[in-house]
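[1] Got a predicted structure plus its sequence, pasted below:
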Amino acid sequence: MPEGDVLRLTAERLTAALRGLPLVRAELRWPSAGAAHLTGATALETSAYGKHLLTRLDDGRTLHTHLRMEGTWKVHRTGSRDASARHPAIRAVLATDAWTATGWHLGMLDLLRTHDESRILNGLGPDVLGDDFPTAGLADGVARLVREPDRPLCATLLDQRTVAGIGTIWMAESLFARRLWPWLPAGSLPQGERAVLLRTARRLMERSVAVGRARGMGAVEMHVHGRAGRPCRRCGTPIAVGTANEKPYERPVFWCPTCQAPGPE
């Protein structure tokens, strides 16, 4: 599932492509929004909050989309073959005279009034890449991290009610960076380390965004995620893979058994 860094880059791309020009084509191929008329409205910006995208229009409406596991937004020159958007996997089309954005395999789509956005985001933790995260957002995230003190860190970080935007990649990479056993109960983490862990997640994701801007998405080299059986870049131990959460919500957890060994019982 795309995580907060990918969503941030996607929002920047959509904003650059659509902002300031009226939509000459707008199709929402979604049962609850298929009859909506967006043509003529102007996109003001697309903003990311965690794993959610909010495309705000000048008529007071917001198009909310979530990529889920396989979703993506693509941008093509209007009039090009790719901009024809005939593929059945395309769930949304937003086009200006210059650019056409197509939403593929979208997992969620809602059209709502902009001042009702909080209804969509209600219950989420602070955005790990939000402007306020180093201050109020971080304090909120630290408090949420230990709301269920017996829950494993890996599961707690994946829960969007803790902080929004972290998925399996940056959960694993953040825990590796801090040499933390993924199944350590969240409440066992020393108080000072809680803020450090969340700041580490933000730093890693900020780096991914910066690299993505320069070289494209997916250009950051991982230390543990997706490297099961390969040697740890730090100690050489084969990377292991375990599981966070119970079925049907289980997620893979990549970790180094040496660098992230559990402490004494």
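    Looks like it came in fine. Values in this document were obtained by computation on a predicted structure and should not be read as measured data. Residues are numbered from 1 along each chain as shown.
[2] number of nearby residues for the residue lying closest to D132 once chain neighbours are set aside?
    The shortest distance from D132 to any non-neighbouring residue, by Cβ to Cβ, 6 or more residues apart in numbering, is to P126 (7.2 Å). Heads up, the C-betas are built off the backbone N, CA and C, glycines and all. Around P126 sit 23 other residues, with neighbours defined as other Cβ atoms under 10 Å.
[3] On the pLDDT front, check P126 for me.
    The model reports P126 with a pLDDT of 98.
[4] before we move on, which element is T10 in?
    According to DSSP states H and E, T10 maps onto helix 4-18.
[5] would you list every one of the helices in the stretch 101-250 of the chain?
    117-121, 138-145, 153-158, 168-177, 191-215 (DSSP state H, counting those that start in this stretch).
[6] Nearest to H64, out of these?
    Taking Cβ to Cβ, helix 117-121 is the member of these nearest to H64, at 5.2 Å.
[7] want to try a markdown table for the helices of the stretch 101-250 of the chain, with distance to T243 as columns?
    Shown next, in a markdown table, are these (distance: least, Cβ to Cβ, whole Å):
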| stretch | distance to T243 |
| --- | --- |
| helix 117-121 | 28 |
| helix 138-145 | 20 |
| helix 153-158 | 9 |
| helix 168-177 | 11 |
| helix 191-215 | 20 |
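[8] before we move on, back to that, please tell me I have it right and the residue nearest to D132 contacts F133.
    Yes - P126 lies in contact with F133 (Cβ atoms under 8 Å); the separation is 5.8 Å.
[9] which residues do these two both contact?
    G141 (Cβ atoms under 8 Å, 6 or more residues apart in numbering).
[10] possible to save the helices of the stretch 101-250 of the chain as a markdown table with mean neighbour count?
    Listed next are those as a markdown table, based on neighbours: other Cβ atoms under 10 Å:
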| stretch | mean neighbour count |
| --- | --- |
| helix 117-121 | 14 |
| helix 138-145 | 19 |
| helix 153-158 | 25 |
| helix 168-177 | 24 |
| helix 191-215 | 17 |
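[11] The ones you listed: which one's closest to G229?
    Across those, closest to G229 is helix 168-177 (Cβ to Cβ), at 14.8 Å.
[12] Residues contacting that closest one, please?
    Here helix 168-177 makes contact (Cβ under 8 Å, 6+ apart) with 1, 3-5, 153-154, 157-158, 166, 181-182, 197, 200-201, 204-205, 208, 222-226, 244, 251-256, 259-260.
[13] how about 6 Å then?
    The contact list for helix 168-177 (Cβ atoms under 6 Å, 6 or more residues apart in numbering) reads 3, 154, 157-158, 182, 200-201, 204-205, 223-225, 251-252, 254.
[14] quick revisit: what residues of the helix holding T10 count as buried?
    Buried residues in helix 4-18, counted by 16 or more other Cβ atoms under 10 Å: 4-15, 17-18.
[15] With stretch 253-265 instead?
    For stretch 253-265, a neighbour-count test (16+ other Cβ under 10 Å) marks 253-256, 259-260 as buried.
[16] Right, I'll call it a day here.
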